[in-house]
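>>> need the 3D shape of this:
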Amino acid sequence: MRSVRTKLLFSFLAIIVLPLLTLGIMTPIIYSRTIERETTGHTVQMLHQVTRNLEFYIHDMENVILYLSRDPRIESFLTQDSPTDTSTSLHSVAADALKTYTSSHSEIAGILVVNRNDRILSNEFQRIARDPAAAESWYRQAVLNPGTIQLYPRPIGRNLRSNAEYSAEEVVSVVKAVNDPATGEFLGVILIDMKLKVVEDIFTNTTLGETGFIFIVDGHGNTVYAPVNRVVYRVRFDWLSGGSSSMVKRIGDAEYQLIYEDSPYTGWKTVGVFSLNEILKQVNEIRFYSILIAAVTVLMAFVASVFFATSISRPVVQLRELMKRVEGGDLSMRFNERTHDEIGQLGNSFNAMVGEIQKLIDMVYHEQQSKREAELTILHQQIKPHFLYNTLDTIQWMAQDRGAKDIVELVGALTSLFRIGLSRGKEMITVDEEITHVRSYLVIQKARYEEKLDYNIDVDPALRSNLVIKLTLQPLVENAIYHGIKERRGHGTIDIQVLRREDMLVLKVSDDGVGMTEERVEMIRQMLDRPGRHMAPSSIGQNGDGASSSGYAIFNVNERIRLSFGTRYGIHISSLYGQGTTVEVLHPLVSGEVSGNVESTYRG
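This is a model prediction of the structure:
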């Protein structure tokens with residue numbers, strides 16, 4: 001079996017020798033083709049990157065048009081039918097909206113908004129003549145092609161004069177029609193002049209050899225951008241037919257490689273041109289220096305291979321010995337090599353692993369002890385519910401024996417409340433059980449508040465056997481009593497409904513109490529939408545004057561539902577101050593077994 005040192009030594013020598021053999025065997029023709037292919041591939045990548053950058057800027061302009069069309073200030077201008085007394089202020093406000101975008105986008109030379117009544121809005125453009133904008137070709141094309149942008153490189157002949165100091169050769173016009181998103185009705189057209197300076201900046205850091213260059217033409221052969229170069233104007237547009245391609249053309253006394261890519265988004269072609277003669281010259285230089293470097297490398301290869309193989313294999317052998325001793329059960333072994341390379345990191349990981357194993361062994365030991373203690377505690381705690389049930393049954397029997405029916409009903413409700421609340425540790429119970437639980441709670445509260453409180457319970461019979469997270473309704477009913485009914489003057493009613501809405505189970509609690517202000521409702525909604533955040537009790541109180549621990553309970557109900565089923569479900573609150581509050585619990589439909597016969601409609 002060969003050692004790691006021997007394998008590394010042969011590997012280093014092979015890495016050095018194989019390139020030398022390749023350089024000696026490969027012919028200049030194959031070598032030049034390889035370089036040409038790599039150059040072509042690099043050019044294709046550069047063209048693709050330039051095309052994507054251009055599409056990014058054009059798409060950014062389209063987004064600006066979209067944002068403008070949805071800006072309320074611009075919408076007011078677009079939908080203005082005729083001048084009014086406030087048209088001047090409206091025009092000023094809309095002009096400020098345009099200024100916001102021109103100041104934050106340095107590539108925008110000017111923005112023009114034309115509504116359907118031929119009124120224009122711009123901080124940079126004015127009409128040259130009074131002719132309507134609908135007569136302009138850019139306006140007509142935008143109207144005929146709603147939903148798509150229209151691009152006009154070097155826009156000349158427009159009935160527009162710009163305050164900015166730039167010529168038509170320095171911009172590209174991006175035009176798009178604006179329709180009402182609700183009705184689809186045509187509202188107007190937005191035009192943005194984008195500076196070609198951004199294109200120039202893209203090409204500044206993009207070079208193809210010493211003399212190569214990149215230029216852009218549109219789908220009609222019009223030049224969008226081209227550097228100052230005598231070759232670019234000798235490239236014929238009919239050479240660039242089709243999508244993306246590559247070809248070799250003779251221009252003057254030299255051969256040039258032409259590579260172009262078509263953009264489906266803009267309809268423009270990005271063309272790269274570089275000289276093949278320049279590539280062959282570079283190939284000869286690269287071949288000479290490669291042979292020279294290879295010769296020097298061979299002289300140093302053997303000595304360097306021996307040194308590096310030894311330095312790498314020594315800590316590996318040491319680590320192997322340590323692992324064998326750990327396998328034998330000695331967890332005190334540690335790797336002490338002070339290196340910062342991958343071997344040193346592997347040694348540190350070995351030390352961490354051994355330490356973690358020792359820690360886990362200790363943890364398992366302590367966990368077993370804690371588990372036994374917890375089992376004893378749970379066994380002790382289970383005695384209390386049974387004692388409580390037995391005591392309540394005794395009180396109920398004694399009250400029944402003495403004819404105290406109201407006490408019998410109250411104690412029965414309390415027993416049911418405790419029994420269903422514990423549910424033998426189950427997290428989910430049936431809708432019937434949840435309704436029985438909340439009804440028991442209401443029986444107790446009704447005995448307390450008497451004529452102050454009434455309630456109605458309505459359950460869809462088809463949903464009685466569905467499962468729901470335990471203790472969902474009771475906190476909502478408690479909140480409705482203490483912060484809605486109790487705070488109002490006179491009699492109050494709580495309505496509880498369980499119904500199906502599409503693919504969800506909806507548990508609805510409504511009261512006609514004091515209600516809440518819109519600000520208080522919005523604050524509660526924001527708190528319920530922030531998972532994991534602790535909520536102050538006063539944030540849930542409906543009257544804003546303080547609350548009980550039910551505030552925490554409602555927040556916990558929302559958190560339990562969302563943690564169990566996702567953010568689609570949870571609590572939704574609506575309220576009108578002075579009229580009442582409605583709380584809806586959105587819960588998934590979970591099938592279950594019927595645990596008892598409970599009437600589908602209850603009346604309090």
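>>> and residue 275, how many neighbours?
Neighbours of residue 275 under the rule other Cβ atoms under 10 Å: 19. Every residue, glycine included, has its C-beta placed from N, CA and C.
>>> in the sheet, who's paired with it?
Beta-bridge partners of residue 275, counted by DSSP bridges, are residue 256.
>>> now swap in residue 260 and tell me
residue 245, residue 271.
>>> list the contacts of it.
Taking Cβ atoms under 8 Å, 6 or more residues apart in numbering as the criterion, residue 260 is in contact with 47, 240, 244-246, 269-272.
>>> again, only using 10 Å
44, 47, 51, 214-217, 235, 239-247, 269-273 (Cβ atoms under 10 Å, 6 or more residues apart in numbering).
>>> same check, this time on residue 427
Counting by Cβ under 10 Å, 6+ apart, residue 427 has contacts 467, 469-471, 560, 564.
>>> check residue 221 too.
So residue 221 contacts 236-238, 240, 269 (Cβ under 10 Å, 6+ apart).
>>> can you check residue 585 too?
Residue 585 neighbours (Cβ under 10 Å, 6+ apart): 468-469, 472-473, 476, 498, 504-509, 554, 557-558, 561, 569-572.
>>> and with 6 Å instead?
472, 507, 571 (Cβ atoms under 6 Å, 6 or more residues apart in numbering).
>>> of the contacts of residue 427, closest to residue 429?
residue 470 (5.0 Å; Cβ to Cβ).
>>> just say helix, strand or coil for the nearest residue to the closest one once chain neighbours are set aside.
Spatial nearest neighbour of residue 470, excluding adjacent residues (Cβ to Cβ, 6 or more residues apart in numbering): residue 429 at 5.0 Å. Using DSSP: H, G, I helix; E, B strand; the rest coil, the structure places residue 429 in strand.
>>> bridging residues for residue 429?
Here residue 429, judged by DSSP bridges, has bridge partners residue 468.
>>> per-residue pLDDT, it?
If you check residue 429, the pLDDT there is 89.
>>> which PyMOL command selects the buried ones in the contacts of residue 427?
Buried subset of the contacts of residue 427, written as a PyMOL selection, criterion 16 or more other Cβ atoms under 10 Å:
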select buried, resi 467+469+470+471+560
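>>> and of the contacts of residue 427, the nearest to residue 135?
residue 564 (63.8 Å).
>>> would you agree that closest one falls within a strand?
No - read with three-state DSSP, residue 564 is helix and lies in no strand.
>>> list phi and psi for the residue lying closest to residue 229 once chain neighbours are set aside.
The shortest distance from residue 229 to any non-neighbouring residue, by Cβ to Cβ, 6+ apart, is to residue 213 (5.4 Å). Per-residue torsions, residue 213: phi -160, psi 170 (degrees, to the nearest 10).
>>> and residue 213, bridged to which residues?
Under DSSP bridges, the beta-bridge partners of residue 213 are residue 273.
>>> any idea how far it is from residue 227?
The spacing between residue 213 and residue 227, counted by Cβ to Cβ, to the nearest Å, is 5 Å.
>>> higher neighbour count, those two?
Each of residue 213 and residue 227 has its neighbours counted (other Cβ under 10 Å); residue 213 has more, 19 against 11.
>>> what about stretch 103-119, start to end distance?
Stretch 103-119 has an end-to-end distance of 23 Å (criterion: Cα to Cα, to the nearest Å).
>>> tell me where the stretch 101-250 of the chain is predicted with low confidence.
205-207, 209, 242-243 (pLDDT under 70).
>>> could you pull out the helices for it?
137-144, 197-204 (DSSP state H, counting those that start in this stretch).
>>> the stretch 301-450 of the chain now?
So, for the stretch 301-450 of the chain - with DSSP H, counting those that start in this stretch - the helices run 342-381, 383-401, 405-422, 431-449.
>>> could you pull out the strands in the stretch 451-600 of the chain for me?
Here the stretch 451-600 of the chain has its strands, by DSSP state E, counting those that start in this stretch, at 453-459, 467-469, 492-501, 504-511, 570-576, 580-588.
>>> so how far is residue 501 from the closest residue to residue 266 other than its chain neighbours?
Nearest residue to residue 266, sequence neighbours excluded (Cβ to Cβ, 6+ apart): residue 58, at 5.5 Å. Distance of residue 58 to residue 501, given as Cβ to Cβ: 44 Å.
>>> neighbour count winner among those two?
Legend: neighbour count by other Cβ under 10 Å for residue 58 and residue 501, higher for residue 58 (20 against 10).
>>> ok but that one is inside a helix, no?
Yes - counting by three-state DSSP, residue 58 is part of a helix.
>>> please report how far it lies from residue 227.
From residue 58 over to residue 227 (counting by Cβ to Cβ), the distance is 20 Å.
>>> and residue 163, by the same measure?
For residue 163, the distance to residue 227 - Cβ to Cβ - is 29 Å.
>>> kindly report the same for residue 240.
17 Å.
>>> now do residue 460
For residue 460 relative to residue 227 (Cβ to Cβ), the value is 74 Å.
>>> check residue 108 too.
24 Å.
>>> rewinding a little: show the pLDDT at the residue nearest to residue 266.
89.
>>> please apply the same query to residue 513.
pLDDT, residue 513: 91.
>>> how about the one 5 residues further on?
At residue 518, the pLDDT value in this model is 92.
>>> equivalent analysis for residue 522, please.
pLDDT, residue 522: 90.
>>> which residues touch residue 223?
Applying Cβ under 6 Å, 6+ apart, the residues near residue 223 are residue 217.
>>> please redo it, this time with the cut-off set to 7 Å
By Cβ atoms under 7 Å, 6 or more residues apart in numbering, the contact list for residue 223 reads 215, 217.
>>> how about residue 98?
Here residue 98 is in contact with 111, 121-123 (Cβ under 7 Å, 6+ apart).
>>> redo that, cut-off 6 Å
By Cβ under 6 Å, 6+ apart, the neighbours of residue 98 are 111, 123.
>>> for it, give me the pLDDT.
pLDDT, residue 98: 90.
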